[in-house]
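no sequence on this one, just coordinates:
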């Protein structure tokens, strides 16, 4: 299974976002987004990013201490969403330092 590490969900200013926001786009998600009810964040980011394919395991490298990201991403990815055990009990600066050290060591963060 492939692994995708998330630092942020997707680009909101890229080519796929331009397609999604175009009034000429007939994709169902684009049509839904233009309604008063709108579309779910998960559906929009699934369209914006090819990273969200069903064959991937997803490792969240952002904040895991609160539901700010985790709750939303759990709804989207379910049991495919992983959290690095190395992040437990660490704050933002500590996680950032750990990531930099792992890059220098060419070592992957464990999930």
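That came through fine. Computed from a predicted model, the values in this text were never measured in an experiment.

Sketch out the low-pLDDT regions of the chain for me.
1, 3-11, 50-54, 65, 110-111 (pLDDT under 70).

Tell me how far residue 70 lies from residue 59.
12 Å (C-beta to C-beta, to the nearest Å). Placement of C-beta: from N, CA and C, glycine included.

More neighbours: those two, which one.
Taking neighbours as other C-beta atoms under 10 Å, residue 70 and residue 59 compare with residue 59 leading, 19 against 16.

a strand runs through that one, doesn't it?
Yes. The assignment for residue 59 is a strand, going by DSSP: H, G, I helix; E, B strand; the rest coil.

Quick check: bridge partners of it?
Following DSSP bridges, residue 59 is listed with bridge partners residue 5, residue 82.

I figured it hits residue 83, correct?
Yes. Residue 59 is within contact range of residue 83, at 7.4 Å (criterion: C-beta atoms under 8 Å).

Check which residues of the longest helix seen in the chain are buried.
Across the chain, the helix with the greatest residue count (assigned by DSSP state H) is helix 92-105. Buried positions in helix 92-105, judged by neighbour count with 16 or more other C-beta atoms under 10 Å: 95, 98-99.

Tell me which residues are up against it.
Residues external to helix 92-105 that are found in contact with it (C-beta atoms under 8 Å, 6 or more residues apart in numbering): 61, 63, 86-87, 90, 108-109.

What segments of this structure are strands?
2-6, 56-60, 81-82 (DSSP state E).

now for the shortest one, which elements pack on it?
The one in question is strand 81-82. strand 56-60, helix 67-77 (3 or more C-beta pairs under 8 Å, 6 or more residues apart in numbering; DSSP states H and E).

who wins for neighbours among the contacts of helix 92-105?
residue 87 leads those on contacts (other C-beta under 10 Å) with 22 neighbours.

Return the distance of it relative to residue 39.
As judged by C-beta to C-beta, residue 87 and residue 39 stand 30 Å apart.

same thing with residue 83?
26 Å.
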